[in-house]
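Chemist: Sharing a model that was predicted from the sequence below.
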Amino acid sequence: DTAVSQTPKYLVTQMGNDKSIKCEQNLGHDTMYWYKQDSKKFLKIMFSYNNKELIINETVPNRFSPKSPDKAHLNLHINSLELGDSAVYFCASSQRGAGAQETQYFGPGTRLLVL
Amino acid sequence: DQQVKQNSPSLSVQEGRISILNCDYTNSMFDYFLWYKKYPAEGPTFLISISSIKDKNEDGRFTVFLNKSAKHLSLHIVPSQPGDSAVYFCALDGGSNYKLTFGKGTLLTVNP
């Protein structure tokens, strides 16, 4: 069973379109995350949700809107896609959050290419 | 402003020898340190971690060393195996929030 799954795995779209990436975890974790790995290969946190509540928003453009319908899901919707949004987006989850020394578990990534 | 640096983008090692991957950081607030391994087209997978109250943690072939005064973290793999070939990321947790700060990664190639 996949612990953290993401769909789609690949996404190719035109500039200006709106797209969504879905993430689900079956680990029973309370906290979920979205990371972006850009062309320079840095993995950077975008958002974090704890029990469906937004905890971290790392100065991401408001074209990016995360939505957590329940603890097991954290979706990422992107409006008006731009060329610079091309990257690999990773979802992750962990048991708890702030102050806890814990491990985050990552999904396989969604490779987004904006043309 | 990189808080976490992995200065070697790549490392090549012969099978059976030791692989040493390094990570330097600038922020003393980090108190939990992790190494992740990533294969192409997959997400990072957790490998080993160490708390700031320790200076060494060992798990099989993998050992992580922490030198807090030097703000330096290293991962030793011995003996190295071809299946260890992957990108290795160090990731640091400041504890006061929910995020990990990652280095840029080091591509390890273990040659048979």
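Modeler: It's in.
Chemist: going forward, measure contacts and count neighbours with C-alpha atoms only.
Modeler: Fine.
Chemist: and B:Leu100, what is it in contact with?
Modeler: If you count contacts by CA atoms under 8 Å, 6 or more residues apart in numbering or on different chains, B:Leu100 has them with A:Ile45, B:Ala91, B:Leu92, B:Asp93, B:Gly94.
Chemist: swap the cut-off to 10 Å and go again
Modeler: The neighbourhood of B:Leu100, defined by CA atoms under 10 Å, 6 or more residues apart in numbering or on different chains, consists of A:35, A:43-45, A:103-104, B:30, B:32-34, B:90-94.
Chemist: Among these, name the buried ones.
Modeler: Buried residues within these, counting neighbours by 16 or more other CA atoms under 10 Å in any protein chain shown: A:35, A:43-45, A:103-104, B:30, B:32-34, B:90-94.
Chemist: Can you mark which positions in the lowest-mean-pLDDT helix or strand in chain A are buried?
Modeler: Confidence across the helices and strands of chain A bottoms out at strand A:53-57, with a mean of 82, counting by mean pLDDT, DSSP states H and E. With burial defined by 16+ other CA under 10 Å, the residues of strand A:53-57 counted as buried are A:Leu54, A:Ile55, A:Ile56, A:Asn57.
Chemist: Check the gap between the third one and A:Ile78 for me.
Modeler: What it means is A:Ile56. 17 Å (CA to CA, to the nearest Å).
Chemist: Would you work out how far apart the start and end of stretch A:36-50 are?
Modeler: Termini of stretch A:36-50 sit 19 Å apart (CA to CA).
Chemist: buried sites along it?
Modeler: Buried residues in stretch A:36-50, counting neighbours by 16+ other CA under 10 Å, are found at A:Lys36, A:Gln37, A:Phe42, A:Leu43, A:Lys44, A:Ile45, A:Met46, A:Phe47, A:Ser48, A:Tyr49, A:Asn50.
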